[in-house]
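>>> my questions are about this predicted structure, shown below with the sequence.
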Amino acid sequence: MNVDGVAYRSIWVNADGWSIDIIDQTRLPHVFAINNLTTLAQACAAIRDMQVRGAPLIGAMAAYGFYLGMREDPSTAGMQLAYQRLYETRPTAINLRWALERLNSALREIEPNERTARAFAEAEKIVALDIEINRAIGTHGLELIREIAASKVPGEAVNILTHCNAGWLATVDWGTATAPIYLAHDAGIAVHVWVDETRPRNQGASLTAWELGHHGVPHSLIVDNLGGHLMQHGMVDLCLVGSDRTTRNGDVCNKIGTYLKALAAKDNKVPFYVCLPSTTIDWNCSDGIREIPIEQRDGREVSEISGKLASGKVTTVSIAPDATAVANYAFDVTPARLVSGLITERGIFGASEKSLAQAFAKQNSRQPE
Ligand code: MRU
């Protein structure tokens, strides 16, 4: 998508033809910085420190990270090390494991001297697939927005609430929850996005607002607690969020706070849709609340906040008494019963085991090729 008129993706191969460039998302929105990654250790740090984040992008970074690991040591021990190091970076988004498994199967049976080239090719395929999938999610979600727009006074904006950043920065391109929004905006449908700031790391304020702004999509930044009020007053037509892991029966694990939005949406009869690539479905899991590992992060993400001073300097300040105990759970699970539908690359489906199984039955492996 566009940044000051220039088309960018969140991750790409450097002009040198082998190293990997990423947009450093820890510096946005105030600094647009590109980091060049040349080692497995740097790839792991990029995921762990959230220079790259968002389930699909974590998968793509893991694939390139595996490839960088193969440049360092393509032996079977080197493969195990790359797998393990990358796997340990973040626990919740299932795309990480999906990408690593895919690389592992592709490389296991070939000679070590062929592994670097093969890993690079597989990573490139994962990147291309992600873009294709998100575009397809966008076209299905667009129809939903079109229907809502048709029910409104001509020209009146469709108000969409989103949480965290499930935008192009969270994927390779397009985003999941934002793909229908970008397509609707580009098709001339009036849309307006309520952007949850998404404490503690403020992915909404610093990333979603940034990318919507650069694409010219009208939006308003709101505190996380405003959504319920807006819904009670008929000011939200549709909620669109992403997913880090979806169980085979349609429970959705996403950024902390998603569940409360789903409850408010249910209470106010606001459609609550989750946009997800099938790479985010964990077919082995049927109880999101009990089975999905929820990442707990450094308490300083809660007790401190970063921002730009009037001088232009970006700094971090403390917002709690020193030594306050903090709990920082990064994700929660929205039970399937609160989800109006799952928008996937194959279409829109009910959040249920039957519906998902039917939708993906024809795939041998149930994962996209
Ligand atoms: O902790 P993050 O920023 O990686 O969490 C991101 C989210 O929760 C997104 O909503 C999710 O990964 C879907 S991204 C298309």
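Perfect, thanks for sending it.
>>> got the contact list for the closest residue in space to R27 that isn't next to it in sequence?
Counting by CB to CB, 6 or more residues apart in numbering, R27 lies nearest to A33, which is 4.6 Å off, once chain neighbours are set aside. To be clear about C-beta, it is placed using only N, CA and C from the backbone, and glycine gets the same treatment. Counting by CB atoms under 8 Å, 6 or more residues apart in numbering, A33 makes contact with 23-24, 27.
>>> mind doing that once more with 10 Å?
Contacts for A33 (CB atoms under 10 Å, 6 or more residues apart in numbering) come out as 22-27, 51.
>>> next one: V302
V302 is in contact with 199-201, 319-320, 324, 326-328, counting by CB under 10 Å, 6+ apart.
>>> before we move on, what about A184?
So A184 contacts 138, 141-146, 148-149, 158, 160, 190-191, 217 (CB under 10 Å, 6+ apart).
>>> of the residues you listed, which belong to strands?
Applying DSSP state E to those, the entries found in strands are 158, 160, 191.
>>> ok, so of the contacts of A33, who is nearest A60?
In terms of CB to CB, no member of the contacts of A33 lies closer to A60 than I22, at 9.7 Å.
>>> contacts for stretch 11-18, please.
Residues from elsewhere that reach stretch 11-18, judged by CB under 10 Å, 6+ apart: 19-23, 34, 36-38, 46, 52, 57, 60-61, 63-64, 67-68, 71, 116, 120, 123-124, 127, 130, 171-173.
>>> next, count neighbours for the residue of the stretch 151-300 of the chain found nearest the ligand.
Nearest residue of the stretch 151-300 of the chain to the ligand (CB to the nearest ligand atom) works out as G242 at 2.7 Å. The number of residues packed near G242 is 29, by other CB atoms under 10 Å.
>>> likewise for M231?
So M231, with other CB under 10 Å, has 24 neighbours.
>>> wait, what's in contact with it?
By CB under 10 Å, 6+ apart, the contact list for M231 reads 159, 161, 194, 237, 239, 261, 264-270, 272.
>>> show the buried residues in the contacts of V302.
199-201, 328 (16 or more other CB atoms under 10 Å).
>>> the helix or strand encompassing P180 and the ligand, are they touching?
In this structure, P180 sits in helix 178-186 according to DSSP states H and E. No - applying CB under 6 Å from any ligand atom, one finds helix 178-186 out of contact with the ligand, separated by at least 8.4 Å.
>>> ok, back up a step: in a markdown table, list the contacts of M231 along with neighbour count.
Listed next are the contacts of M231 as a markdown table, based on neighbours: other CB atoms under 10 Å:
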| residue | neighbour count |
| --- | --- |
| N159 | 23 |
| L161 | 25 |
| W194 | 21 |
| D237 | 22 |
| C239 | 27 |
| K261 | 26 |
| A264 | 21 |
| A265 | 25 |
| K266 | 16 |
| D267 | 12 |
| N268 | 16 |
| K269 | 9 |
| V270 | 23 |
| F272 | 27 |
